[in-house]
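Chemist: quick one: sequence and predicted model below, then my questions.
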Amino acid sequence: SFIQAEGGVLCATVLFISLLRALAICDRRRTQQKSKSELEEQKKRGGFLFMLCLGLYLANFGLCAAGKLSDN
């Protein structure tokens, strides 16, 4: 069951990174200059996405550690 949970977290991580890449590509193709409020929103969103990604990696690490501990 740890392997299934770890696989789920890894899938979520891959989908999340793919979403980030798609957002970055769309942002690069934008031709209009962003306003100051849009830049502030982007910074907040970037911080939130970073924390979400960090949480996914910590969950994956926790599942790996729990799986190793249960093997002993």
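Modeler: On my side now, so go ahead. Numbers count the residues shown, from 1 in each chain.

Chemist: from now on I want contacts and neighbour counts done on CA atoms only, so please keep to that.
Modeler: OK.

Chemist: now do the SS call for K34.
Modeler: Under the three-state scheme (DSSP: H, G, I helix; E, B strand; the rest coil), K34 adopts coil.

Chemist: give me the pLDDT for it.
Modeler: Looking at K34, its pLDDT stands at 76.

Chemist: again, but for the one 5 residues further on
Modeler: Among the per-residue scores, L39 shows a pLDDT of 81.

Chemist: do you have the strands of the chain handy? List them.
Modeler: In the chain, no strands are defined using DSSP state E.

Chemist: so who does the most centrally placed residue in the chain touch?
Modeler: When C-alpha atoms, centre = their mean is applied to the chain, the residue found nearest the centroid is C53 (3.0 Å). If a contact means C-alpha atoms under 8 Å, 6 or more residues apart in numbering, then C53 has T13, F16 as its contacts.

Chemist: how about stretch 40-56: buried residues?
Modeler: Neighbour-count burial for stretch 40-56 flags C53, L56 (criterion: 16 or more other C-alpha atoms under 10 Å).
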